[in-house]
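Novice: Fold the following.
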Amino acid sequence: MADASTQLCRAYLATAAAGQGGVRELAAGRMHLRGLLKQCEGSFEESEQYKQLQELLLQVVEAEDAAVAAKKAAAV
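Specialist: Next up is the predicted model:
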């Protein structure tokens, strides 16, 4: 499941970077990863995949924040 989640969120990041996706897709990725990480707490926190998912979550959050800022700047 971790591999599929990684691929899904990397696709969200790629579409947002290409200008084809945006805040909605990144928010979906953020919520997906947060839910997955919460389910894995206590059992898989020491695994490499868990740590990779945490890093990916940070990337998604950063991209989402940037997309929100860009959207606000465009609206002004």
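Novice: burial count for residue 51?
Specialist: Residue 51 has 12 neighbours, counted by other CB atoms under 10 Å. Bear in mind the C-beta positions are built from the backbone N, C-alpha and C, glycine included.
Novice: distance between the helix or strand harbouring it and the chain's centre?
Specialist: For residue 51, the element it lies in under DSSP states H and E is helix 48-75. Relative to its chain's centre, helix 48-75 lies at 6 Å (CA atoms, centre = their mean, to the nearest Å).
Novice: Stretch 19-29 now?
Specialist: The answer for stretch 19-29 is 9 Å, by CA atoms, centre = their mean.
Novice: give me the number of residues near residue 45?
Specialist: Considering only other CB under 10 Å, residue 45 is surrounded by 11 other residues.
Novice: for stretch 5-21, which positions count as buried?
Specialist: 5, 9, 12-13, 16, 21 (16 or more other CB atoms under 10 Å).
Novice: mind putting those residues in JSON lines, distance to residue 52, pLDDT and secondary structure included?
Specialist: Formatted as JSON lines, the buried residues of stretch 5-21 follow (distance: CB to CB, whole Å; pLDDT from 0 to 100; DSSP: H, G, I helix; E, B strand; the rest coil):
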{"residue": "5", "distance to residue 52": "10", "pLDDT": "94", "secondary structure": "helix"}
{"residue": "9", "distance to residue 52": "11", "pLDDT": "95", "secondary structure": "helix"}
{"residue": "12", "distance to residue 52": "16", "pLDDT": "94", "secondary structure": "helix"}
{"residue": "13", "distance to residue 52": "14", "pLDDT": "95", "secondary structure": "helix"}
{"residue": "16", "distance to residue 52": "19", "pLDDT": "90", "secondary structure": "helix"}
{"residue": "21", "distance to residue 52": "22", "pLDDT": "77", "secondary structure": "coil"}
